[in-house]
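**Student:** The sequence and its predicted three-dimensional model are supplied below.
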Amino acid sequence: MRAPDVPPAGRGGEALSASANLEPLLDRLETLITATAAGKSFRPVDRQVLMSIVVEAALIYDGTRYLADEASRCTFHELGEPLARVIESLKHDANRDSVFVALGAPATLALSPDQRAVEEAVARYDVLLGDLDKIARAVPEPPAKRGPGRPARKDLLALVAHLANYWERATGECITQLWSKDEPISSAAQFIHAVVLFIDPQGLRSVPEMMEQIIKARRAAISGN
């Protein structure tokens, strides 16, 4: 299936709302919802709400991708070992006088009559150690190394979960998926596939996997496992 001309991820809701492809997409989504909810006491599809769902899905997708990118570049976890060594060195009895001097105490610490400068240096030392201890406690464990295979798609999983929630509210039916040669067969799969095609066609290959994760998680929640 040829991908439509869509705004690239990251251009925000206004760009999506202004896309010429949005109205045909909403027509397709409304048809799928109406056919699935036929015979049930559901209100007609609100086009404005439906458009909001699509725009929100794009914002969730972009936001999750941004946070994942920020997390991947964060090296805070690398502070653990060197920070522990620094704290240990600062607390070492043989180093304390040198640290006090570095914090403003007189160089002739033992003979100095300027007790106020000494007391202020000691107070700064205590605050410094307290702050470093707080940072050390906040350092997370190193991220787990991934095994072979494709990287996790938290951005796409969040997008699909958002669409799945709306689908179930709008139709009264649980999401199901059925595919034939990468083409969606079930109505829920067609609904999610259409929105992902609009927002990020490059993610289409991962949609069945994302839907499977969500379906399994919901079945487990229902069974209590």
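**Tutor:** Looks like it came in fine.

**Student:** buried sites along the lengthiest helix in the chain?
**Tutor:** Longest helix in the chain, counting residues (DSSP state H): helix 47-73. Within helix 47-73, the residues that qualify as buried are 50-51, 53-55, 57-62, 64-65, 68, counting by 16 or more other Cβ atoms under 10 Å. Bear in mind the C-beta positions are built from the backbone N, C-alpha and C, glycine included.

**Student:** ok, now stretch 194-210?
**Tutor:** Quick answer for stretch 194-210 (16+ other Cβ under 10 Å): 194-200, 203-204, 206-208, 210.

**Student:** any idea of the pLDDT on the spatially most central residue of the chain?
**Tutor:** Centroid-nearest residue in the chain: residue 64, 3.8 Å away (criterion: Cα atoms, centre = their mean). For residue 64, the pLDDT comes out at 78.

**Student:** what's the domain layout of the protein?
**Tutor:** Here the domain parsing of the chain from automatic domain parsing is 12-73+150-223, 76-138.

**Student:** Can you tell me which of the ones you listed is packed in deepest?
**Tutor:** Sort those by mean neighbour count, taking mean count of other Cβ atoms under 10 Å, and domain 12-73+150-223 sits at the top with a mean of 16.

**Student:** helix, strand or coil for the closest residue to residue 194 other than its chain neighbours?
**Tutor:** Leaving aside its chain neighbours, residue 194 sits nearest to residue 28 (5.4 Å; criterion: Cβ to Cβ, 6 or more residues apart in numbering). For residue 28, the assignment made with DSSP: H, G, I helix; E, B strand; the rest coil gives helix.

**Student:** quick one: residue 28 and residue 139, what's the gap?
**Tutor:** Applying Cβ to Cβ, to the nearest Å, the value for residue 28 to residue 139 is 49 Å.

**Student:** likewise residue 153?
**Tutor:** Remark: distance between residue 153 and residue 139 (Cβ to Cβ) = 27 Å.

**Student:** for this structure, which spans come out with low pLDDT?
**Tutor:** Scanning the chain for pLDDT under 70 picks out 1-20, 41, 68-74, 109-113, 143-152, 224-225.

**Student:** can you give me the strands in it?
**Tutor:** Along the chain, counting by DSSP state E, strands occupy 179-180, 183-184.

**Student:** Who does the first one pair with, and is each partner parallel or antiparallel?
**Tutor:** Take DSSP bridges as the rule and strand 179-180 pairs in its sheet with strand 183-184 (antiparallel).

**Student:** List the contacts of the partner strand.
**Tutor:** Identification of contacts with strand 183-184 by Cβ atoms under 8 Å, 6 or more residues apart in numbering yields 1, 177, 178, 190, 192, 193, 207.
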